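A.B. asks: Next input, structure requested:
(2 chains)
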Amino acid sequence: MKKPNLQSVLPLLLRYLAILIVLLFTVGPFLWLLSTSLKSADENIFAYPPVLIPQSPTLDNFFRVIDSQPFFTYLSNSALVAALAVALNLLLASLAAYPLARIPFKGRSVLFIVLLSSMMIPFQLLMIPVYELAISLGLQNTYLGLVLPHACTAFGIFFMRQAFLSVPVAIEEAAIMDGVSRLRIWWFVMLPLVKPSLATLAVFSFIAVWGDFLWPLIIIDQPALFTLPLGVNRLASTFSLDWRLVAAGAVFSIVPILLFFTFTQRFFIEGAMKGAVKG
Amino acid sequence: MKTVATSRIVGNPLIPYLFLIPACVVLATFVLYPALKAIYLSFTNFNMIRQAEFVGFANYLNVWRDPFFWAALKNTLLYMVVVVPVLVIAPIFLAALVNKHIPGITFIRAAIYLPVITSLVISGLIWKWVYEEQGILNYVLLASGLTTDPVAFLTDPANALFSVMAVTIWSGMGYYMVIYLAGLQSIPRHLYEVAEVEGVSAWQQMIHITIPLLRPSIVVVTVMSSIAAMKVFEEVYVMTQGGPMDSTKTLVYYLYESAFSEFEMGYASAIGVVLFLLTLVFSLINLRFLREKT
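C.D. replies: Coordinates of the predicted model:
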């Protein structure tokens, strides 16, 4: 056993020091937010020098937020919309991706190009016609209105196509020889083989829909249908802005996604890696 | 084997289309049709109330003559010029920093990724609080002697845009770090081992091995961060509402304002088409890169 000397430990120490500085930047603001949300009404949140550990930590601000606004409704709205959008995304994307990956058909390359170019269209360009359309379909202030524009993305289709392409053809051919229908092959043979990709697509679309702000902002004006971002925004834009309450509302909306992230972390890393390969 | 598969497909020529219909209906309704409609609206004076009348290129002419549009375009381009290089370069070093199996690394990576999963509205509010005149950041700057007076991060037109940029950088860094982490896995380890033996310094290894071999990831990150910077909205919405004195009014924010505060939908659509053309330029670069790879 070699005794650890300064020369071998120093690079590691420097690395941790650099990491610490980075974490101060990335996590620091969250800690400051948490600290503010736990400070009592008596404590000066503008104290100089600032106090990181609240003098008498309290959950008061959280109760006040829940009393003044239906945050649990926002939470269930966010969860419902995200869950529905994810389910539709997985279903529609994996259905459409299967023939694109495996069954030759007339117009496949044209469709492919149309799909690819639809990825380049920024939502901000579509926003006005989609808004007009949603109004005329009676989708304003409805869950369906929140979900439908997120129900399918060209990115999801490409992502699943890539996954299907990696499944060996032989597995499928055996089923075709046995006379199994394409739909059954898709469901019983292909989907189980691409489960990791489905999971990755699920977490990515979940995060995207969960954090979405612009579309809900436009299509929803009844607080009963607010999602969490709209709710927190409403806290921040009330006449008497109280940073304790904004902080509490923000913490309230971060905790669920943080838990979600803790359990699905590996899919994020995998997903970003796969996404990177495809741009 | 192959012939069996093909013959069945020939027997059921409709099947692939049945698989495609649900997705195509949704995309046609919520992407394709609105895109064409937006282009049409950009040639009208539509305002949600009156019937849209065809006005030719009037909206585009007005965009061309509109000083607010040029200011917004300038802000957006400045945004890209500052944010993109930072988001392309800083995450390379971050990735190199956490690309080592040291104790606590999973937690560290997750902590750096945290801002990515936080919705932009929340991120904007967190930073608005950090940026307060008597806030924590000003305390740190004053206490460390970096400034003598509190900085008006969001209320001084000279600072506001840069303060908002920092939030975009904060929110995006972790994502691009992970892309680079993936890229780093594909660099053969022995290159570093040889460099180590030859006595090449860590910095030189970074410049001569890591960065050149990360080129594909760097291109992807450049395109992705350019498009993201071009579409910046939420940060501006919650932090500055385009102010002070329009100093943070970006293209998308101006588009939103024209459409949903002024209700000049036709004019806003024209801005949207211009934005789309700008995005297209960057997406085409993206496509070219993809073709190079496959």
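
A.B. asks: With chain A in mind, check whether stretch B:118-132 reaches it.
C.D. replies: Yes: counting by Cβ under 8 Å from any Cβ of the partner chain, chain A is contacted by stretch B:118-132 at B:118-122, B:125-130, B:132. C-beta here means a position set from N, CA and C on the backbone, and glycine is covered the same way.

A.B. asks: just the buried members of those residues?
C.D. replies: B:118-122, B:125-130, B:132 (16 or more other Cβ atoms under 10 Å in any protein chain shown).

A.B. asks: could the residues of stretch B:118-132 next to chain A be laid out in a markdown table, adding secondary structure, distance to A:S197 and pLDDT?
C.D. replies: Shown next, in a markdown table, are the residues of stretch B:118-132 next to chain A (DSSP: H, G, I helix; E, B strand; the rest coil; distance: Cβ to Cβ, whole Å; pLDDT from 0 to 100):
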| residue | secondary structure | distance to A:S197 | pLDDT |
| --- | --- | --- | --- |
| B:T118 | coil | 25 | 94 |
| B:S119 | coil | 25 | 93 |
| B:L120 | helix | 26 | 94 |
| B:V121 | helix | 29 | 93 |
| B:I122 | helix | 29 | 95 |
| B:L125 | helix | 34 | 94 |
| B:I126 | helix | 33 | 95 |
| B:W127 | helix | 34 | 96 |
| B:K128 | helix | 38 | 94 |
| B:W129 | helix | 39 | 94 |
| B:V130 | helix | 38 | 95 |
| B:E132 | coil | 44 | 91 |
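
A.B. asks: Tell me the one among the residues you listed nearest to chain A.
C.D. replies: If you rank these by distance to chain A using Cβ to the nearest Cβ, B:S119 comes first, at 3.2 Å.

A.B. asks: nearest residue to the closest one other than its sequence neighbours?
C.D. replies: In this structure, B:S119 finds its nearest non-sequential neighbour in A:G211, 3.2 Å apart by Cβ to Cβ, 6 or more residues apart in numbering or on different chains.

A.B. asks: Can you name the two of the buried ones among the residues of stretch B:118-132 next to chain A that sit furthest apart?
C.D. replies: Spatially, the most separated pair among those is B:S119 and B:E132, at 20.9 Å (Cβ to Cβ).

A.B. asks: Could you look up the next helix or strand downstream of the element among helices and strands of chain B having the smallest mean pLDDT?
C.D. replies: Counting by mean pLDDT, DSSP states H and E, the weakest-scoring helix or strand in chain B turns out to be helix B:2-11, with a mean of 46. Next along the chain after helix B:2-11, taking DSSP states H and E as the criterion, comes helix B:15-27.

A.B. asks: Extract the C-alpha trace of whichever helix or strand comes after that next one and format it as PDB.
C.D. replies: Once helix B:15-27 ends, the next helix or strand along the chain (criterion: DSSP H and E) is helix B:33-41. Only the C-alpha atoms of helix B:33-41 are listed here, as PDB (Å, rounded to 0.1, in the frame of the first residue of the first chain):
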ATOM      1  CA  TYR B  33     -52.000  23.200 -40.800                       C
ATOM      2  CA  PRO B  34     -51.100  25.900 -38.300                       C
ATOM      3  CA  ALA B  35     -47.800  26.500 -40.100                       C
ATOM      4  CA  LEU B  36     -49.500  27.100 -43.400                       C
ATOM      5  CA  LYS B  37     -52.200  29.100 -41.700                       C
ATOM      6  CA  ALA B  38     -49.500  31.300 -40.000                       C
ATOM      7  CA  ILE B  39     -47.900  32.000 -43.400                       C
ATOM      8  CA  TYR B  40     -51.400  32.900 -44.700                       C
ATOM      9  CA  LEU B  41     -52.200  35.100 -41.700                       C
END
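
A.B. asks: Give the next helix or strand downstream of helix B:33-41.
C.D. replies: helix B:58-65.

A.B. asks: can you state the direction angle for that following helix and helix B:33-41?
C.D. replies: Interaxial angle of helix B:58-65 relative to helix B:33-41 (axes from the mean of the first three to the mean of the last three Cα atoms, to 10 degrees): 80 degrees.

A.B. asks: I'd like to know which elements helix B:58-65 is packed against.
C.D. replies: helix B:265-293 (3 or more Cβ pairs under 8 Å, 6 or more residues apart in numbering or on different chains; DSSP states H and E).

A.B. asks: what about the helix it packs on, distance to the chain center?
C.D. replies: When C-alpha coordinates are averaged (Cα atoms, centre = their mean, to the nearest Å), helix B:265-293 and its chain have centres 13 Å apart.

A.B. asks: what mean pLDDT does that helix have?
C.D. replies: Averaging pLDDT along helix B:265-293 yields 80.

A.B. asks: okay, now the closest residue to chain B within the stretch 101-250 of chain A: neighbour count?
C.D. replies: Among the residues of the stretch 101-250 of chain A, A:G211 lies nearest to chain B; the distance is 3.2 Å by Cβ to the nearest Cβ. Neighbourhood size, A:G211 [other Cβ atoms under 10 Å in any protein chain shown]: 24.

A.B. asks: Which of the helices or strands spans the residue nearest the centre of chain B?
C.D. replies: Residue closest to the average C-alpha location in chain B (Cα atoms, centre = their mean): B:A228, at 1.1 Å. Here B:A228 sits within helix B:215-230, counting by DSSP H and E.

A.B. asks: which regions of chain B sit below the pLDDT cut-off?
C.D. replies: Low-confidence segments of chain B, defined by pLDDT under 70: B:1-11, B:283, B:286-287, B:289-294.

A.B. asks: residues of stretch A:177-197 that come out buried?
C.D. replies: For stretch A:177-197, by 16+ other Cβ under 10 Å, it's A:182, A:185-186, A:189-191, A:194, A:197.

A.B. asks: mind listing which of those are in helices?
C.D. replies: A:182, A:191, A:197 (DSSP state H).

A.B. asks: Would you mind confirming that the residue nearest to the centre of chain B is in contact with B:T168?
C.D. replies: Yes: with contact defined as Cβ atoms under 8 Å, B:A228 counts as touching B:T168 (7.5 Å).

A.B. asks: what number of residues lie near residue 231?
C.D. replies: In the absence of a named chain, chain A is used. Neighbour count of A:G231, defined by other Cβ under 10 Å: 24.

A.B. asks: I was thinking of chain B, sorry if that wasn't clear
C.D. replies: The number of residues near B:K231, taken as other Cβ under 10 Å, comes to 18.

A.B. asks: how close does it get to B:L251?
C.D. replies: 8 Å (Cβ to Cβ, to the nearest Å).

A.B. asks: Need the overlap of contacts for those two.
C.D. replies: Common neighbours of B:K231 and B:L251, counting by Cβ atoms under 8 Å, 6 or more residues apart in numbering or on different chains, are B:L275.

A.B. asks: can you list the domains in chain A?
C.D. replies: A:6-58, A:64-278 (automatic domain parsing).
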